[in-house]
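Q: got a sequence here, can you build the structure:
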Amino acid sequence: MQQALITICARSDSDITGEQYFMRKVRGKEMPLYSFSAARIFEAREKAIHVDYCLNTDCEELIDLVQRRYPDTFIIRREGRLADVSVPKEDVYRDSLLKAESRFNKKYDFLIDLDITSPFRRSFDIPRAVDLFLSDPDADAVMSCVKSRRNPFYNMAMTGEGGYASRVIQNEFTYSLQAPSCFDINASIYVVSRDFLINEMTFDLWQGKIRLYEMKDVGILRMDRDVPTSFADLIASYCYDTDDGYKEVFKI
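A: Residues are numbered from 1 along each chain as shown. Next up, the predicted model:
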């Protein structure tokens with residue numbers, strides 16, 4: 001049986017805003033609960049994979065919520081060196097994996113990270129992302145994505161010397177279909193090989209062989225502090241009303 005660790009990771013934002021924006025309610029439920037709901041659906045369907053849960057955070061409000069709703073979750077109170085905004089998520093993945101292996105006295109095959117600020121997933125998104133990972137023995141990670149609405153080869157710009165703009169990637173394409181297909185990494189689902197994460201990666205996931213799992217574009221909304229809750233409710237309600245995959249996850 002395969003062994004998987006599902007991680008929910010969050011860095012406290014109270015030092016910036018005075019509140020935890022990721023604890024806001026969407027359709028009457030705190031955002032992190034949607035990640036747990038999707039994870040539990042995955043666990044129920046994947047009989048050949050044993051799942052443990054880990055919450056890695058320095059937010060006591062989130063810890064209290066998870067302990068009340070999902071008491072079997074392994075809680076890691078994030079230490080100060082990993083709580084800085086500049087710390088890459090890969091360092092938190094390593095911390096979670098190694099501490100969970102010590103706690104449960106086992107070695108995991110892979111880690112699944114679910115971002116709580118990209119909470120809108122269909123019930124089959126995690127299973128399909130994991131299936132994609134398991135179907136390719138050479139893959140080091142799977143990242144979720146959507147088709148990019150802009151293309152750095154064709155219609156994206158950056159400013160440089162003197163403040164003048166140029167294409168992000170210089171080329172001589174004359175129409176958009178000449179440019180390679182590009183994708184936005186939506187940070188909703190990551191599936192990462194344990195051996196790559198611990199033994200091979202020295203900087204970030206892009207050092208490995210990456211497969212992309214494409215998600216439904218309409219539900220991709222990164223709930224940062226600038227997104228009004230009313231707008232998130234509108235998108236969530238549309239997803240709930242039009243797609244049974246979202247509806248299953250939203251029924252917490």
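
Q: buried stuff in stretch 124-131?
A: Residues 124-130 are the ones in stretch 124-131 that count as buried (16 or more other CB atoms under 10 Å). Using the backbone N, CA and C atoms, a C-beta is placed for each residue, glycine as well.

Q: tell me the gap between that stretch and the middle of its chain.
A: From the chain centre to the centre of stretch 124-131 is a distance of 13 Å (CA atoms, centre = their mean, to the nearest Å).

Q: ok, residues contacting it?
A: Residues from elsewhere that reach stretch 124-131, judged by CB atoms under 8 Å, 6 or more residues apart in numbering: 4, 38-39, 41-42, 45-46, 49, 110, 112, 114, 142, 144, 188-189, 191, 213, 215, 245.

Q: how does it look with 10 Å?
A: The contact list for stretch 124-131, computed with CB atoms under 10 Å, 6 or more residues apart in numbering, reads 2, 4, 6, 35, 38-39, 41-43, 45-46, 49, 110, 112, 114, 121-122, 142-144, 188-191, 211-216, 219, 245-246, 248-249.

Q: next one: stretch 194-209
A: By CB under 10 Å, 6+ apart, the list of residues contacting stretch 194-209 from outside reads 3-5, 88-91, 93-94, 97-98, 101, 107-111, 136, 138-143, 185, 190, 192-193.

Q: switch to 8 Å and redo it
A: 88, 90, 93-94, 97-98, 107-111, 138-141, 143, 190, 192-193.

Q: any of the residues you listed buried? List them.
A: 90, 93-94, 97, 108-111, 139-141, 143, 190, 192-193.

Q: mind checking which of those residues are in helices?
A: Among the buried ones among the contacts of stretch 194-209, DSSP state H puts 90, 93-94, 97 in helices.

Q: in JSON lines, list these along with pLDDT and distance to Ala157.
A: Output for those, formatted as JSON lines (pLDDT from 0 to 100; distance: CB to CB, whole Å):
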{"residue": "Glu90", "pLDDT": "94", "distance to Ala157": "29"}
{"residue": "Tyr93", "pLDDT": "97", "distance to Ala157": "33"}
{"residue": "Arg94", "pLDDT": "96", "distance to Ala157": "36"}
{"residue": "Leu97", "pLDDT": "98", "distance to Ala157": "39"}
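
Q: farthest pair within the residues you listed?
A: The largest separation in these, counting by CB to CB, is between Glu90 and Leu97 at 10.6 Å.

Q: show the contacting residues for Phe36.
A: 8, 53, 66, 69-70.

Q: which of those residues fall in strands?
A: Secondary structure from DSSP state E places 8, 53 of the contacts of Phe36 in strands.

Q: and the contacts of Phe36, which is closest to Tyr154?
A: For those, the residue nearest Tyr154 by CB to CB is Ile8; the value is 36.8 Å.

Q: tally of neighbours for the closest one?
A: Neighbour count of Ile8, defined by other CB atoms under 10 Å: 22.

Q: cool, Phe203 as well?
A: 8.

Q: what helix or strand is it on?
A: Assigned by DSSP states H and E, Phe203 belongs to no helix or strand.

Q: any idea which residue of this protein is furthest from its center?
A: The C-alpha centroid of the chain is most remote from Gly162, which lies 36.9 Å away (CA atoms, centre = their mean).

Q: where does that residue land on pLDDT?
A: Gly162 is assigned a predicted lDDT (pLDDT) of 93.

Q: again with the one 4 residues further on
A: Here the pLDDT value assigned to Ser166 is 93.

Q: no further questions, thank you.
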